[in-house]
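Participant: predicted structure and sequence below. I'll ask about it afterward.
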Amino acid sequence: MEPALRHLIFRVEKERYALPLEAVREVVVLPAHWSRVPRAPPAIPGVINLRGRVVTVVELRSLLGVGGQSASQKIILLDRGRRDLGLLVTEVDGIESIERIIPGPGHPTSSVRGVARLSGSPVSVLDADGVDHAVTSLFAGSHQ
């Protein structure tokens, strides 16, 4: 059995997702003001200035192909070294230990590692490197 790893559990619309806690720098409340980026892909609504650092904000709903209206209220900042990347999410539920991740149904993507069960409910476990790669691909013009 794999050792249990701590994950940040959050929601995008009604779907629950998890990211390894080691990949998350912090969670911030959606600021009232941010800057749009001309000619940016639709999944990139803009950038924010967070303590003097420019953070690219990604609409995770669009990146993952989750339908519905955007009700984003939080930004999860990924720890990506020199580049700052923020993921728009609906809500953050907390931190949980996940022991087992199984391959998810449907076609796999680099952004989704698999599915875990928490309190009897499925949670899609994301891969931070895969999400980062998907965002980079948006700017390169090649979609996943």
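Facilitator: Perfect, I can see it now.
Participant: for the residue most central in space within the chain, name its beta-bridge partners.
Facilitator: Note on the chain: the residue nearest the mean C-alpha position is residue 87, at 4.7 Å, using CA atoms, centre = their mean. Beta-bridge pairing for residue 87 (DSSP bridges): residue 58, residue 76.
Participant: again with residue 17
Facilitator: Note on residue 17: beta-bridge partners by DSSP bridges are residue 10, residue 124.
Participant: report the contact partners of it.
Facilitator: By CB atoms under 8 Å, 6 or more residues apart in numbering, the residues touching residue 17 are 9, 10, 11, 60, 64, 89, 123, 124, 125, 126. From N, CA and C alone the C-beta is placed, and that goes for glycine too.
Participant: quick one: the third one from residue 81, how far?
Facilitator: The one in question is residue 11. Computed as CB to CB, to the nearest Å, the residue 11 to residue 81 distance reads 27 Å.
Participant: between those two, which one's more packed in?
Facilitator: Between residue 11 and residue 81, counting by other CB atoms under 10 Å, residue 11 is the more crowded of the two (17 against 7).
Participant: check what pLDDT that one gets.
Facilitator: On pLDDT, residue 11 comes in at 94.
Participant: can you pull the poorly scored residue ranges out of this protein?
Facilitator: For the chain, the stretches with pLDDT under 70 are 1-2, 68-70, 105-108, 141-144.
Participant: go through the longest helix seen in it and flag the buried ones.
Facilitator: With DSSP state H setting the assignment, residue counts place helix 128-140 as the longest helix in the chain. Buried residues in helix 128-140, counted by 16 or more other CB atoms under 10 Å: 128, 130, 131, 132, 134, 135, 138.
Participant: and that helix, what does it pack against?
Facilitator: Judged by 3 or more CB pairs under 8 Å, 6 or more residues apart in numbering; DSSP states H and E, the packing partners of helix 128-140 are strand 15-20, strand 53-59, helix 60-64, strand 74-80, strand 83-89.
Participant: many thanks, I have nothing further to ask.
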